[in-house]
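Trainee: need the 3D shape of this:
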Amino acid sequence: MTIKKKPFPDTDYVALINAFRSIRKVGYKPTDVINTFWDKYKYEDAIAHVYETYLRMKGKKDNLHATPEQLDEYVIDVMDLLVAYFFSHFDVFEKGEITVDMEKCLSYEPPTDPGEKILKSLFGFID
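Mentor: Residues are numbered from 1 along each chain as shown. Okay, here's the model as predicted:
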């Protein structure tokens, strides 16, 4: 039996991959990408699109204002924006002005609510 592997890159990641590819273009300036994004999406529109993306992710389909195509375009633009912000501030990371402890980031576990422990123990959910 032959297992057919899914081709990489997965189409779900095209927006992100294209955002990183854009930095190789001659004359790429992160500030131009940032300015273009904020010229295209005013603050209220950007917040509305983020919220509608969240609502759709949760399965809500009623009373939404943006079309799926508009949200697809928005997500692509956000990927470009995030990459542009990263590269516009990359020198800050190189200088060590911003430090990230990856061990803390990856191993973070939120504290357990004492009430949650009590409820679980009462109903026999804790070993």
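
Trainee: residue contacts, residue 15?
Mentor: Contacts were defined as CB atoms under 8 Å, 6 or more residues apart in numbering; by that measure residue 15 touches 75, 76, 79. From N, CA and C alone the C-beta is placed, and that goes for glycine too.

Trainee: where's it relative to residue 61, distance?
Mentor: From residue 15 across to residue 61, the span is 22 Å (CB to CB, to the nearest Å).

Trainee: same thing with residue 38?
Mentor: The gap separating residue 38 from residue 61 is 29 Å, by CB to CB.

Trainee: again with residue 87
Mentor: 37 Å.

Trainee: ditto for residue 52
Mentor: Taken as CB to CB, the span from residue 52 to residue 61 is 11 Å.

Trainee: show me where pLDDT drops low in the chain?
Mentor: 1-10, 91-127 (pLDDT under 70).

Trainee: what about the helices in it?
Mentor: Using DSSP state H, the helices of the chain run over 14-21, 30-40, 43-57, 68-88, 90-94, 102-106, 114-122.

Trainee: any idea which of the ones you listed is most buried?
Mentor: Among the helices of the chain, ranked by average contacts under mean count of other CB atoms under 10 Å, first place goes to helix 68-88 (a mean of 16).

Trainee: other SSEs contacting that helix?
Mentor: Counting contacts by 3 or more CB pairs under 8 Å, 6 or more residues apart in numbering; DSSP states H and E, helix 68-88 is packed against helix 14-21, helix 30-40, helix 43-57.

Trainee: could you rerun that using 6 Å?
Mentor: Applying 3 or more CB pairs under 6 Å, 6 or more residues apart in numbering; DSSP states H and E, one finds that helix 68-88 contacts helix 14-21, helix 30-40.

Trainee: please export the C-alpha coordinates of the first one as CSV.
Mentor: Output of helix 14-21 as CSV, limited to C-alpha atoms (Å, rounded to 0.1, in the frame of the first residue of the first chain):
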residue,chain,number,x,y,z
VAL,A,14,-0.2,30.2,1.2
ALA,A,15,-1.0,33.6,2.7
LEU,A,16,1.8,33.3,5.3
ILE,A,17,4.3,31.8,2.8
ASN,A,18,3.6,34.6,0.3
ALA,A,19,4.0,37.2,3.1
PHE,A,20,7.5,35.9,3.8
ARG,A,21,8.3,35.7,0.1
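
Trainee: thank you, goodbye.
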